[in-house]
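J.: Coordinates for the following, if possible.
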Amino acid sequence: MNDLGRILVYAGMGLLAIGGLVLLLPRLGVQLGRLPGDIRYQSGQFTCLIPIATSILLSIILTIGLNLLARFFNR
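T.: Next up is the predicted model:
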């Protein structure tokens, strides 16, 4: 039961960090989905957004974060 509690505490801290980043990024001028490299096509009432740069950025951040978690829990 101690392991479950520890996992829930770490998951909560991770969600808190992600929420803080989501709130701070627009203040820094970074809007996810509007980064250079994201493709946006707009014609009349039709809009198509292909967030290539945003996907790459999130992939890098998640890879680093999950690798750090894996190293932390493998001790």
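
J.: Could you use CA atoms for every contact and neighbour count after this?
T.: Fine.

J.: where does Asp3 fall, phi/psi-wise?
T.: phi -60, psi -40 (degrees, to the nearest 10).

J.: should've said Leu66
T.: For Leu66, the backbone dihedrals (degrees, to the nearest 10) come out as phi -70, psi -30.

J.: Ile50: neighbour count?
T.: Per other Cα atoms under 10 Å, the neighbour tally for Ile50 reads 14.

J.: For it, name its beta-bridge partners.
T.: Per DSSP bridges, the residues bridged to Ile50 are Ile39.

J.: any idea how far it is from Gly29?
T.: 20 Å (Cα to Cα, to the nearest Å).

J.: Centroid-nearest residue for the protein?
T.: Central residue of the chain (Cα atoms, centre = their mean): Leu58, 4.8 Å from the mean position.

J.: Can you tell me the element that one falls in?
T.: Element membership for Leu58, per DSSP states H and E: helix 52-73.

J.: Other residues contacting that helix?
T.: Counting by Cα atoms under 8 Å, 6 or more residues apart in numbering, helix 52-73 makes contact with Leu32, Gly33, Arg34, Leu35, Pro36, Gly37, Asp38, Ile39, all of which sit outside it.

J.: Turn the residues you listed into CSV, including distance to Asn67 and pLDDT.
T.: Formatted as CSV, the contacts of helix 52-73 follow (distance: Cα to Cα, whole Å; pLDDT from 0 to 100):
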residue, distance to Asn67, pLDDT
Leu32, 23, 72
Gly33, 25, 72
Arg34, 27, 80
Leu35, 25, 82
Pro36, 27, 88
Gly37, 26, 88
Asp38, 26, 90
Ile39, 29, 92
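
J.: Pull out the buried residues from those.
T.: Leu32, Gly33, Arg34 (16 or more other Cα atoms under 10 Å).

J.: burial measure for the closest residue to the first one other than its chain neighbours, as a count.
T.: In this structure, Leu32 finds its nearest non-sequential neighbour in Thr54, 6.0 Å apart by Cα to Cα, 6 or more residues apart in numbering. A count of neighbours around Thr54, defined by other Cα under 10 Å, yields 18.
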